[in-house]
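S.K.: sequence unknown, structure follows:
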C-alpha cells in the first residue's frame, strides 16, 4: 500500500469530520451519515478506526444525572484512545437514531431551548475536543510512519490496536486478520500483571506544585505520546490523574504507591515553598525506590534540598542531552523499547514548548 494513498485518505477523513462538526442544524444528519459512510467504505480509514468502534465502552456511565434527568457530569474515559472510541460510538448511535444529541444537550443546558444551539453546544463541548485528539494521533502517525512515499504494509494502519477490548458478544476485526476473544480471555489479559498498560505494570507518580501545572501537562502528553497509558500516570493537578474526592492525601499515597512506583519530582521554587509538596516528597521517598528529580529553571542543582539533595542524579527539564538520558533510563526501568526517531521529534517540540511556558509560570 502506497504511503501517499494513506495520507490522502486521512486528509479526506479529517475534512469530512470538520464538515460534520461545522454543519448546519438541517444538514447535521446528512453530514453524520457521510462521515460514517466514508469511514466504513474507505479501506484505510476503516482499518484505522474499526478497533475504536469495537472497543468496549460503557456508554450508560458517560452521562451522570443528578435527579434522573439533569446531567450533572460528563464522564468520558480518561485514556485518550478510549475517549475517542466513546465519542465515535456516541456519534454512531446518533446516526442510527438511538440517541439524540439535542436531548442530551438540553439535559446539560436546561435554560437553552433552541435546538440548533443545543446541537452546537454538544458538538463543540463534547465532539470537537475529541476530534482534536484524533487528529493529533493521525498527524503523529503520518510524521512517525509515513515519511516516504514507498510501499508500506497494511498492518501499519493498526494505530489504535493495543487498548482494544471487544464489546460484549462481539469480535475485533482488523484488516484481513480476524482476532476472536471471549470475555474471559479479555479479562485474563487485563489481569494484575498488566494493571497499568503501557508501563509493564508499573505506576508513574509526578510530584509537583500546582503552580507548575502548565509545565507538567506537556510532560504528561510527552509520556503518553511515547506509548505510556494515562491510567499508569498519577498526577494530582489534573482531573482523571488525581486523588479521588474524599480521600486523605497522604493516606492515598501510602496505599497506592509501592516500591515499584517511579516518582518524577518536578523541583522548582514553587515546589520548595509548598509544605504539601515537601510532605509528598518525604512520603514518596519512603514508599518507592526509583526517583527522577527534574529541575525547572531558574532552579539549579545547588538549590536542591530535603531528601532529594544535589548529590542525587537529576536533570534540567529543557536540556536536550539530559532528557535523552532520562527517557532512555525510564524506558529501561519500564522494560520498554524506545523508538529514537519518534523520541527525537517529540523531544524537540517538547523543549520549545517548555521554554515558552517557563516564561509564564508564576513563582511565589
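M.R.: Happy to help now that I have it. Just so it is clear, the model here is predicted, and its values are computed rather than measured. Numbering: from 1, shown residues only.
S.K.: tell me which residue is most central in the protein.
M.R.: Among the residues of the chain, the one closest to the centroid is residue 80, at 3.7 Å (Cα atoms, centre = their mean).
S.K.: so that residue makes contact with residue 135?
M.R.: No: assessed by Cβ atoms under 8 Å, residue 80 is found out of contact with residue 135, at 11.9 Å. Every residue, glycine included, has its C-beta placed from N, CA and C.
S.K.: what is the mean pLDDT for stretch 32-41?
M.R.: Averaged across stretch 32-41, pLDDT comes to 95.
S.K.: for it, the distance to its chain's centre please.
M.R.: Distance of stretch 32-41 from its chain centroid, counting by Cα atoms, centre = their mean, to the nearest Å, is 25 Å.
S.K.: residues contacting that stretch, please?
M.R.: Stretch 32-41 is touched from outside by 12-13, 16-17, 19-20, 45-46, 49, 91-92, 94-95, with contacts defined as Cβ atoms under 8 Å, 6 or more residues apart in numbering.
S.K.: quick check on the residues you listed: which are buried?
M.R.: By neighbour count, with 16 or more other Cβ atoms under 10 Å, those hold 13, 16, 17, 20, 45, 46, 49, 91, 92, 94 as buried.
S.K.: from residue 69, how far out is the first one?
M.R.: Between residue 13 and residue 69 the computed distance is 36 Å (Cβ to Cβ, to the nearest Å).
S.K.: show me what the helix or strand hosting residue 264 pairs with in its sheet, parallel or antiparallel.
M.R.: Element membership of residue 264, judged by DSSP states H and E, is strand 262-267. Neighbouring strands of strand 262-267 in its sheet, by DSSP bridges, are strand 204-207 (parallel), strand 290-295 (parallel).
S.K.: name the helices or strands packed onto the next helix or strand after the last one?
M.R.: In this case it means strand 290-295. Per DSSP H and E, the first helix or strand lying C-terminal to strand 290-295 is strand 315-316. Packing partners of strand 315-316 (3 or more Cβ pairs under 8 Å, 6 or more residues apart in numbering; DSSP states H and E): strand 290-295, helix 320-333.
S.K.: could you pull out the strands for the chain?
M.R.: 63-65, 71-74, 172-174, 177-179, 204-207, 233-234, 262-267, 290-295, 315-316 (DSSP state E).
S.K.: would you reformat those as CSV and include mean pLDDT and distance to residue 34?
M.R.: As requested, those are exported to CSV (pLDDT from 0 to 100; distance: least, Cβ to Cβ, whole Å):
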stretch, mean pLDDT, distance to residue 34
strand 63-65, 82, 26
strand 71-74, 83, 26
strand 172-174, 27, 23
strand 177-179, 30, 28
strand 204-207, 88, 41
strand 233-234, 81, 37
strand 262-267, 91, 45
strand 290-295, 90, 47
strand 315-316, 92, 49
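S.K.: quick one: the residue nearest to residue 140 when sequence neighbours are not counted from residue 71, how far?
M.R.: Nearest residue to residue 140, sequence neighbours excluded (Cβ to Cβ, 6 or more residues apart in numbering): residue 225, at 6.8 Å. Computed as Cβ to Cβ, the residue 225 to residue 71 distance reads 31 Å.
S.K.: so residue 308 makes contact with residue 267?
M.R.: Yes: the criterion here is Cβ under 8 Å, and residue 308 meets it with residue 267 at 7.0 Å.
S.K.: comparing these two, which residue is more hemmed in?
M.R.: residue 267 (28 against 19; other Cβ atoms under 10 Å).
S.K.: could you give the bridge partners of the more buried one?
M.R.: Beta-bridge partners for residue 267, by DSSP bridges, are residue 295.
S.K.: ok, it - contacts?
M.R.: 293, 294, 295, 296, 299, 303, 304, 308, 314.
S.K.: looking at those, spot the one nearest residue 203.
M.R.: For the contacts of residue 267, the residue nearest residue 203 by Cβ to Cβ is residue 294; the value is 17.2 Å.
S.K.: on that earlier part again, now the residue nearest to the centre of the chain: how far from residue 138?
M.R.: Look at residue 80 and residue 138: by Cβ to Cβ, they are 13 Å apart.
S.K.: same deal with residue 210?
M.R.: Look at residue 210 and residue 138: by Cβ to Cβ, they are 33 Å apart.
S.K.: neighbour-wise, which of the two wins?
M.R.: Neighbours per residue (other Cβ under 10 Å) separate residue 210 from residue 138, with residue 138 holding more: 20 against 12.
S.K.: per-residue pLDDT, residue 195?
M.R.: Looking at residue 195, the pLDDT reads 45.
S.K.: ugh, typo on my part, it should be residue 149
M.R.: pLDDT, residue 149: 64.
S.K.: between the strands of the chain, which gets nearest to residue 8?
M.R.: Closest approach to residue 8 among the strands of the chain (Cβ to Cβ): strand 172-174, 21.1 Å.
S.K.: for the protein, name the helix or strand with the lowest mean pLDDT.
M.R.: Counting by mean pLDDT, DSSP states H and E, the chain has its least confident helix or strand at strand 172-174, which shows a mean of 27.
S.K.: ok so, going back, identify the farthest-apart pair in the contacts of stretch 32-41.
M.R.: Going by Cβ to Cβ, the pair spanning these furthest: 12 and 94, at 21.7 Å.
S.K.: and the helices in the chain?
M.R.: Using DSSP state H, the helices of the chain run over 3-21, 28-41, 43-54, 80-95, 101-108, 115-122, 128-145, 183-189, 213-225, 249-256, 269-272, 275-287, 320-333, 340-357.
S.K.: residues of the last one that come out buried?
M.R.: If I follow you right, that is helix 340-357. Buried residues in helix 340-357, counted by 16+ other Cβ under 10 Å: 342, 343, 346, 347, 350, 351, 353, 354, 357.
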